[in-house]
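Student: Below are the sequence and a predicted model for it; my questions follow.
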Number of protein chains: 2
Amino acid sequence: MKNYIIHSEWQVIEEGFNPGYNRISESLFSIGNGHTGQRANFEETYSGDSLKGNYMAGVYYPDKTRVGWWKNGYPEYFAKILNAANWIGLRIRLDEEELDLATAEVEDFSRVLDMRTALLTRTFKAQLPSGKKIEVKAERFLSIAEKEVGAIRYSLKSVNFDGTLSLCSFIDGDIANEDSNYDEKFWMETEKDVAPDKAFLCMETKKTSFFVCHGIETHLYHNGEKVKAARQPYSDEKFVANNFELGVSAGDEVVIEKYMAVNSSLYQSRQKLMLHVKVKLGEAVAAGFDKLFDAHSEKWEKRWETADIMVKGDAAAQQGIRFNIFQLMQTYSGDDERLNVGPKGFTGEKYGGVTYWDTEAYCLPFFMATAPQLVAKNLLLYRHKHLQKAIENAQKLGFSDGAALYPMVTINGEECHNEWEITFEEIHRNGAIAYAIYNYINYTGDKNYLAPFGFEVLLGISRFWAQRINWSEDKNAYVMLGVTGPNEYENNVNNNFHTSRMAVWTLKYTLEVIDYLTKEHPYLYSELTRKWSFNEQSETALWREIIDNMYFPYDKKREIFLQQDGFLDKEIIPAADLDPAERPIHQNWSWDRILRSCYIKQADTLQSFYWFRHDFDKETLRRHFDFYEPITVHESSLSSCIHAILAARIGREEKAYEMYLRTARLDLDDYNNDTEDGLHITSMGGTWLAFVETFGGMDVKDGQLLLNPFLPKSWDAFAFRINFRGAHLEIRMGSELKITNHSAVAVDVVIWGEQHQLKENGELVLASKSVPQ
Amino acid sequence: MKNYIIHSEWQVIEEGFNPGYNRISESLFSIGNGHTGQRANFEETYSGDSLKGNYMAGVYYPDKTRVGWWKNGYPEYFAKILNAANWIGLRIRLDEEELDLATAEVEDFSRVLDMRTALLTRTFKAQLPSGKKIEVKAERFLSIAEKEVGAIRYSLKSVNFDGTLSLCSFIDGDIANEDSNYDEKFWMETEKDVAPDKAFLCMETKKTSFFVCHGIETHLYHNGEKVKAARQPYSDEKFVANNFELGVSAGDEVVIEKYMAVNSSLYQSRQKLMLHVKVKLGEAVAAGFDKLFDAHSEKWEKRWETADIMVKGDAAAQQGIRFNIFQLMQTYSGDDERLNVGPKGFTGEKYGGVTYWDTEAYCLPFFMATAPQLVAKNLLLYRHKHLQKAIENAQKLGFSDGAALYPMVTINGEECHNEWEITFEEIHRNGAIAYAIYNYINYTGDKNYLAPFGFEVLLGISRFWAQRINWSEDKNAYVMLGVTGPNEYENNVNNNFHTSRMAVWTLKYTLEVIDYLTKEHPYLYSELTRKWSFNEQSETALWREIIDNMYFPYDKKREIFLQQDGFLDKEIIPAADLDPAERPIHQNWSWDRILRSCYIKQADTLQSFYWFRHDFDKETLRRHFDFYEPITVHESSLSSCIHAILAARIGREEKAYEMYLRTARLDLDDYNNDTEDGLHITSMGGTWLAFVETFGGMDVKDGQLLLNPFLPKSWDAFAFRINFRGAHLEIRMGSELKITNHSAVAVDVVIWGEQHQLKENGELVLASKSVPQ
């Protein structure tokens, strides 16, 4: 855990130069616009430790799988989002002496990421080894108004230097992924064009043949005057640059404006790509840095208007939650259903892939509640688009007749992951994908999504469950063998409660959906049954059989569902009794020891209690929480959020607050010592969820919005905003609870169990509560 | 499956040139002498498909582990027996045109491996692209009389060629393992010396610093006359050679004799290594090819005298069993307790490592019964030497206080394997190592082995079991969670019957041993308890608790022990009902499907029935056999042997014979399509076991030899030989059963349940039986 980021309500601030934390800061100060993003690398040369990272959404490479012991069924590649061309480069030399913060004496260094406007600012004073002194202020943003555009304003003041300033402004396309399995490079150059003050570089990915073109144009201002410095274009293999030379004197200020445009074959034909980038770059240059930034920051302001969460009286908490929301918005803009929320977003390359069940389980609610409905819908359509691949994936594992198993990790619908206990057995992900359909419709009321999209996916998944479950003569019931639940500290167990429950729930929900479609869209439904050769009678008969006769491990003495068969054979010792030196256990214990211990990585049985809240009374939840939480080690970044919410539901405000804190500043404080690899983007969805469902007590049941807010003792007030079925509500909890409807749509809300109506543009004020109800 | 090896009682024969099978033949015709061995590569250049392989026992390299997803506790390297310098090379050119069977027209090609004398002979006629014709006969052996010596006699007859024969006789040390994880080379050159007709090359392994020195001397005979051809030494990096030129005419015969000596730093100091090799080579050359061969073949004859198995009336079966015995004898000579029986012996490099539990479970009995007692004892001492490493290995997994877990795969006692479900969980291997001690003493009566060796190992293993087992409140019994049994088609199961039984048995046996030592060697025993801080009272109290309260899964309805908890949740469908196109399932099914199926790879519960035969009556065995065998797919080379023996025990002669056939010609007929990687050496021990325990019905109980032979219907007769407590018996079963005692030691034998005495050098004749009793 680190503690060097300065607490501030709207900014992430680093003061002082910390080369040892550089990779962490590069992650934390990352910027992105949903289409392209980058780590907070320095523009000028830096010979110290750094992970240079620039990423393009949807541009991936199928890297040959690395595996110790091959198992039949493993995929041959692991698709990775590629580290792409580095366009920010500004090589600066003062009379041939290079500016490099690793060799200079650095003073007054600061990095500020303004979350309100997504502007990255860096300032520093540097004294080069020869004694030359300069002051620099560098500003950078990637526009969300013009998604193909980025800009840098790099102001350099000579303190004591008289001589020649040489500048090389470049695009470097010779980039490798640090996590390449076999040290291969994945990019080939296809085309380039250099003029005195602009340069274009087009690259192609091997195998997948994505084309990406970057263009840059660089302007210089000398003491406020635009100058035509001595210029020389330069190019080399996978590299284009513009070189400038300028005589400067002590006290002079040189401002470098560097404009960038980029696009890829996802949006433009290969033939028109460079031309398109040239036009875009021209437009950006014509607008200029300030106008571009104004348009960008205006749009950010709009985003915050519907998504902000305010915490009063706790700057760390305030910064934490805004940082999570900010990163989620930077990562996924929801305007392209081929994209998804990568585990590291644009902040690093670890874990490759893009899509885990995290998206459905932890990120979807944020986008449902804070972005236009289409954004959440696109996340569902992403999976619908991959249905055929999910069916093929299931076929590889021996399933048939349209059974679909969605991959554990994917970019294009194909499985990337290769650990049998996860790839083949962590199949509750299929349930999460089904649940997301229910969740979306429950929240938005958009039942039209069911035909054809929702039904088709539900049918594939239901068919999978029906084949995956088998009859046990011994138990005289249906069982599900050999699975790994959300708690990955158990592998290949039988009758995992959560997975089995997801299966039965999917079957039930699909039957409901069929019932709805039969009544409401009979024609469309009969078309779908034909398309999918769906034998409703015989297939649903089996589903009903399973629903009625599924086995769930249960302990009568404790009156709790067991995580899996045999769970009570373990020695149950509270995690609090563990030697702190042995934690986290996954870094200290061998895998077998973890597996046979009782310790739980993240909510498993409790995940069902979270999702199926309306099926269990509080007393039942309390029993299960009290059995499972004490043996949960929360070694997944996705654990605390669910536990915070459940703790609130059973009135444990302190536990809820403790759990919330663990998730909110995970990256800012580098809890897990891995922020240097990039940020935990999907867990940020969990943080938002934890906020609104823990402190807001938000829930939706039968189309009805429920709120159950409480104000933690250490806060003065908090507020969050949600879209709900056309309305836009601001929920502010302080000395009183005030709910404002910022829309012309009236909405009913149940608050602390009592029904209220919020009129169009209306307001509601109630006395506050500091304990969950 | 292939069928190109010609059936012959004492020889392995390939007729006709089969380039497509070359790697298979290279494995099958391998030769070795327990210290060094090699695949049957061609002496002359061959540009076709080939795995050149020369191996030195005990000379290994710790290759950096390759792993997909790292788990805490994995070893950092996988030790591999190294592919070593190739000394057989004879590059032959006729007027600059190279002899290469991949480019020549080949006629009358044959390879013959004479198993009686371990001589590899190859003959062929070749017509080079230009039309030049020659005839070749190449003979090669690695002496078991002089273990550092090998020799080649390569006779070449010119059919139509007049011109210059150029010969380059070399040692090539620039060798890589084909299975190197990161394409690294593991050898460095240290020293070389070349003279006109001899050359020496010393190499050192990276990291492990083994030194190996090869020397060669080459003599030429022209039409029977020894000649001094024009000679030129040559050397290059990791390469030494002697070049010869000789004018030949059509009809001429040139004989090349190449002598080799080799040794390593296992036996000689680095400083004296080359000198030693020079002396050895000089002695070999002085003796000459014929005398060397005579000494070698005499010694082989002696070996066969005590180890041969004869089958009359079935050449395929005869060849099969002799091939298995031959390979076992080539691989392990038992004169160095640092060595062991590698899974591929000297015939390939796959699986690296050297020692698996196969040695104790399948190979030990062969060496006990056919070799001097020291040979089997050395196999046990190998493990005793590794006890400290086994204790450290257990510590890495969280065990303490002297608990020992022997590695799954090892060379020097350290774990090499890195698949959590095997490395950490396939712990029944510890039981096999304990059982081997019992087995050795039961067979030989050598109780002295118990102190200190046997006891020390048993104590470490018992301590491991006592810590690995935990109390289940739920079952009110001791349980063992998270193991993989011998059936590797199940992973991470609870309460595997075989593993739990091995654990309880080890504890019981260790208690017996303690009892024996207390009575017979009280002083030594009390020294040992001090040395190992063994608190007999408290530690054995826990052992007794476990022995009395261990849980074994049992099905009351079927009256069978279950392989593990939850086994009856599976759908039990006989393997015979599987679609043949889907077999072997490990090549066709994804891993999860295999795991949740009922199919068994190799004897698991039945392994206990095999080892603890005296604890179960025939009826109980029959019930278990009838439950488990039909769902066993025998996809391990170690499966059929145990099933053959058990089938015989319950009087199923046809099943027994069927199972035996599957093991006997596994490699010769390339059943599993993997003979090209090398031979299944350890499974050959299983074949021998299957023979003597299935057809011979051999067993030893309370120091008493039991025989229960039956003659399969398709054989005229069979005979095998065993050493037993000083006696040497030949058991011949034909129209009558005749047992001959070839020793001066009388021995009691129970035959078909009746007690007999075999007087010194006596003979016993009984009527034969064709059905197991």
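Tutor: Here it is on my side, so go on.

Student: any idea which element A:Val327 lies in?
Tutor: Just to correct that, residue A:327 is Gln rather than Val. Using DSSP states H and E, A:Gln327 falls within helix A:315-331.

Student: in that helix, what's buried?
Tutor: Across helix A:315-331, burial judged by 16 or more other CB atoms under 10 Å in any protein chain shown covers A:316-331. Glycine gets a C-beta too; all of them are placed from N, C-alpha and C.

Student: now do stretch A:668-681
Tutor: A:668-672, A:674-681.

Student: CA-only coordinates of that stretch in CSV, if you can.
Tutor: In CSV, the C-alpha atoms belonging to stretch A:668-681 read as follows (Å, rounded to 0.1, in the frame of the first residue of the first chain):
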residue,chain,number,x,y,z
LEU,A,668,-5.1,5.3,-5.6
ASP,A,669,-3.4,3.8,-2.6
ASP,A,670,-2.0,0.7,-4.5
TYR,A,671,-3.5,-1.7,-1.9
ASN,A,672,-2.5,-4.8,-3.8
ASN,A,673,0.9,-3.6,-5.0
ASP,A,674,-0.1,-4.0,-8.6
THR,A,675,-1.3,-0.6,-9.8
GLU,A,676,1.9,-0.3,-11.8
ASP,A,677,0.4,-2.9,-14.2
GLY,A,678,-2.6,-0.7,-14.8
LEU,A,679,-5.8,0.1,-13.0
HIS,A,680,-8.5,-2.4,-11.9
ILE,A,681,-11.1,-0.9,-14.2
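
Student: Please state the offset of the lengthiest helix in chain A from the chain centre?
Tutor: Longest helix in chain A, counting residues (DSSP state H): helix A:273-307. For helix A:273-307, the separation from the chain centroid amounts to 23 Å (computed by CA atoms, centre = their mean, to the nearest Å).

Student: Check stretch A:477-488 too.
Tutor: 27 Å.

Student: That one and chain B in contact?
Tutor: Yes: contact of stretch A:477-488 with chain B (CB under 8 Å from any CB of the partner chain) involves A:Val479, A:Leu481, A:Gly482.

Student: what about the spatially closest residue to the first one that is not a sequence neighbour, neighbour count?
Tutor: What it means is A:Val479. With sequence-adjacent residues excluded and distances taken as CB to CB, 6 or more residues apart in numbering or on different chains, A:Val479 is closest to A:Ser472, at 4.4 Å. With neighbours defined by other CB atoms under 10 Å in any protein chain shown, the count for A:Ser472 comes to 21.

Student: Look up how far B:Arg596 lies from A:Ser472.
Tutor: Distance, A:Ser472 to B:Arg596, using CB to CB, to the nearest Å: 11 Å.

Student: which residues are in contact with both of the two?
Tutor: Both A:Ser472 and B:Arg596 are contacted by B:Lys570, under the criterion CB atoms under 8 Å, 6 or more residues apart in numbering or on different chains.

Student: CA atoms only: put the lowest-mean-pLDDT helix or strand in chain A into PDB for me.
Tutor: Within chain A, confidence by mean pLDDT, DSSP states H and E is lowest for strand A:230-236 among all helices and strands, at a mean of 89. Only the C-alpha atoms of strand A:230-236 are listed here, as PDB (Å, rounded to 0.1, in the frame of the first residue of the first chain):
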ATOM      1  CA  ALA A 230      14.400  25.300 -38.900                       C
ATOM      2  CA  ARG A 231      12.600  22.100 -39.800                       C
ATOM      3  CA  GLN A 232      13.500  18.700 -41.100                       C
ATOM      4  CA  PRO A 233      11.300  15.700 -41.500                       C
ATOM      5  CA  TYR A 234      12.800  12.300 -40.700                       C
ATOM      6  CA  SER A 235      11.600   8.700 -41.100                       C
ATOM      7  CA  ASP A 236      12.900   5.300 -40.400                       C
END
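
Student: Give the pairing partners of that strand; include direction for each.
Tutor: strand A:239-248 (antiparallel) (DSSP bridges).

Student: any idea of the angle whichever helix or strand comes after the partner strand forms with helix A:273-307?
Tutor: Using DSSP H and E, the helix or strand that directly follows strand A:239-248 along the chain is strand A:253-264. Relative orientation of strand A:253-264 versus helix A:273-307 (axes from the mean of the first three to the mean of the last three CA atoms, to 10 degrees): 100 degrees.

Student: Can you mark which positions in strand A:253-264 are buried?
Tutor: Using 16+ other CB under 10 Å as the test for burial, strand A:253-264 gives A:Val254, A:Val255, A:Ile256, A:Glu257, A:Lys258, A:Tyr259, A:Met260, A:Ala261, A:Val262, A:Asn263, A:Ser264.

Student: Any figure for the gap between the fifth one and chain B?
Tutor: A:Lys258 sits 41 Å away from chain B when distances are taken as CB to the nearest CB, to the nearest Å.

Student: Spatially, what comes nearest to that residue if we skip its sequence neighbours?
Tutor: A:Ile152 (4.3 Å).

Student: same deal with A:Trp688?
Tutor: Per CB to CB, 6+ apart, closest to A:Trp688 is A:Phe366, 4.4 Å.

Student: tell me the SS of A:Leu705?
Tutor: Counting by DSSP: H, G, I helix; E, B strand; the rest coil, the backbone at A:Leu705 sits in strand.

Student: who's in contact with it?
Tutor: A:Met698, A:Asp699, A:Phe724, A:Val747, A:Asp748, A:Val749, A:Val750.

Student: same thing with A:Leu707?
Tutor: A:Leu707 sits in contact with A:Gly696, A:Gly697, A:Met698, A:Asp699, A:Ile731, A:Ile739, A:Val749, A:Val750, A:Ile751, A:Trp752, where contact means CB under 8 Å, 6+ apart.

Student: try 7 Å
Tutor: A:Gly696, A:Gly697, A:Met698, A:Ile731, A:Val749, A:Ile751 (CB atoms under 7 Å, 6 or more residues apart in numbering or on different chains).

Student: For the fifth one, what are phi and psi?
Tutor: What it means is A:Val749. phi -140, psi 140 (degrees, to the nearest 10).
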